[in-house]
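Chemist: here is my input, please return the structure:
(one chain, ligands or ions: 2)
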Amino acid sequence: MSINGPHSHEVSFIDENGELKTTKVPVVQELARQGLVNDHFPKRFIALPPTTCTVDCRSATPPVIDIAKLKRDGTRELELRRLADAAKEWGVFLIENHGVDDMVLDDVKDVVKGFFGLSFEEKKANVGSYKSVDNMGYGKNFVKSEDQPLDWIDRLTMKAAPVDPNEATNGLLVWPKKPANFKQAVEKYVEKTRKVLDGLLQDLAESLSLDRNAFLQYFEPKQSEIKVRVNYYPPCPRPDLAIGILPHSDASGLTLLLEFGATNALQVQKDNLWTTLQLPNDNSLLVNTGDLIEIMSNGMVKGAWHRVRAQLDVERFSLAYFYNPPAKSEIGPMVGDDSSEMYKKVVVEDYVSNYYKVNPTTSKEAIMYAKII
Ligand SMILES: O=C(O)CCC(=O)C(=O)O
Ligand SMILES: [Fe+2]
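Modeler: Ligands and ions are numbered 1, 2, ... in the order given. Here you go, the predicted structure:
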């Protein structure tokens, strides 16, 4: 059977001649359901170079930052130092005692599982797709050609802020209608975690000896953007050949990640080694630094370079929440008197649109858009 079969995502991309092309790519969840046997593993999902961790890999628990300690005199100073080290040395850290109720997190997990538990036909019928090149909806993004290796992933992306007053009338069906409480559960999660991220942006700036509002000042409350991307990684018969997501940094200020299902899949590059993050199977949340914080901090922290491994017998979900200043706003590096600017000022939407244009890449190419060299 053709791997496209009856179950495919339609995707659009601008090709190298600037022309809008539409193509079809297989739905990974359906491939996994067919139980593909080893020797029929589809060529389109073979990532090059092979992504196994036979060399230059290790496992580690990322730093854990205690949000409660950041709030208490007496523990605050040390925790700020730990936060600065975590951001500079890892670009990823777990947060605990964040104050977001287990119920809020459990509801999000339930609706995400509920959506991916629907049949393909039902999923298609109750949400829009990535076809419109807006990087939202259900399907796959970063498809740029007919022959590039494809990630072992299906995705669902929504814009949670700013609220689009025309959402109901502009024809975009971005939020799934099923499960019925999908939007409500994700919006609740966004509302609660946004407060945590705002506090972290202030603490992070202070921990880097910048003005406490150096970063948060850009995150205007009404127009700042929050995109929520749900990633679904079905079990993969050949995790030695495929990859969940190719190496990338995020075009965000901060990204907040909630994973469930399999763990030990997300890797971050630290000291030039791919490091598999051992994450606890509880409701801690993971933060990673994005390219926009790299610009704002004048390179003191870097956008974390990360990737996701495919897993043999287990499925994995993640919910990545990208927190950005308003699309039309201009951001720039904060520098002290004694250092020079290493990054240009950029308009957020221009940075993001260049990011989508150049990705996927094998090295940190997107940030070169802002870097002064
Ligand atoms: O699934 C993960 O752990 C990471 C997801 C991710 O990197 C992304 O969506 O940008
Ligand atoms: Fe990412």
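Chemist: please make it C-alpha for all contacts and neighbour counts, starting now.
Modeler: Noted.
Chemist: centroid-nearest residue for this protein?
Modeler: Ala320 (4.3 Å; Cα atoms, centre = their mean).
Chemist: could you find the closest non-adjacent residue to that residue?
Modeler: Leaving aside its sequence neighbours, Ala320 sits nearest to Leu257 (Cα to Cα, 6 or more residues apart in numbering; 4.6 Å).
Chemist: what do you get for Pro326?
Modeler: Ser224 (4.1 Å).
Chemist: picking that back up, okay, and the residue nearest to the centre of the chain sits in which element?
Modeler: Using DSSP states H and E, Ala320 sits within strand 316-324.
Chemist: for that strand, give the mean pLDDT please.
Modeler: Averaged across strand 316-324, pLDDT comes to 97.
Chemist: wait, doesn't the residue nearest to Pro326 sit right on Phe322?
Modeler: No: using Cα atoms under 8 Å, Ser224 is not in contact with Phe322, being 10.5 Å away.
Chemist: have a look at those two and say which one is more surrounded.
Modeler: Taking neighbours as other Cα atoms under 10 Å, Ser224 and Phe322 compare with Phe322 leading, 22 against 17.
Chemist: still on that earlier bit, name the strands paired with the strand holding Ala320 and say parallel or antiparallel.
Modeler: According to DSSP bridges, strand 316-324 forms sheet pairs with strand 225-233 (antiparallel), strand 254-261 (antiparallel).
Chemist: do the helix or strand following the last one and ligand 1 meet at all?
Modeler: Per DSSP H and E, strand 254-261 leads on to strand 266-270 as the next helix or strand towards the C-terminus. Yes: Strand 266-270 reaches ligand 1 (Cα under 6 Å from any ligand atom) through Leu266.
Chemist: ok so, going back, could you dump the strands paired with strand 316-324 into a markdown table with distance to Asp154, mean neighbour count and mean pLDDT added?
Modeler: Below are those laid out as a markdown table (distance: least, Cα to Cα, whole Å; neighbours: other Cα atoms under 10 Å; pLDDT from 0 to 100):
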| stretch | distance to Asp154 | mean neighbour count | mean pLDDT |
| --- | --- | --- | --- |
| strand 225-233 | 5 | 22 | 96 |
| strand 254-261 | 15 | 21 | 96 |
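Chemist: of those, give the one that comes closest to Ala84.
Modeler: For Ala84, the closest of the strands paired with strand 316-324 is strand 254-261, at 14.1 Å, according to Cα to Cα.
Chemist: name the residues that touch the closest one?
Modeler: 109, 197, 281, 283-290, 292-293, 314-324 (Cα atoms under 8 Å, 6 or more residues apart in numbering).
Chemist: so which of those also contact ligand 1?
Modeler: Contacts with ligand 1 within the contacts of strand 254-261, as defined by Cα under 6 Å from any ligand atom: Ser318, Ala320.
Chemist: just the buried ones from the contacts of strand 254-261?
Modeler: 109, 197, 283-290, 292-293, 315-324 (16 or more other Cα atoms under 10 Å).
Chemist: number of nearby residues for His306?
Modeler: 22.
Chemist: and what of the one 5 residues further on?
Modeler: Using other Cα under 10 Å as the criterion, Gln311 is surrounded by 24 other residues.
Chemist: nice, that's everything, thank you.
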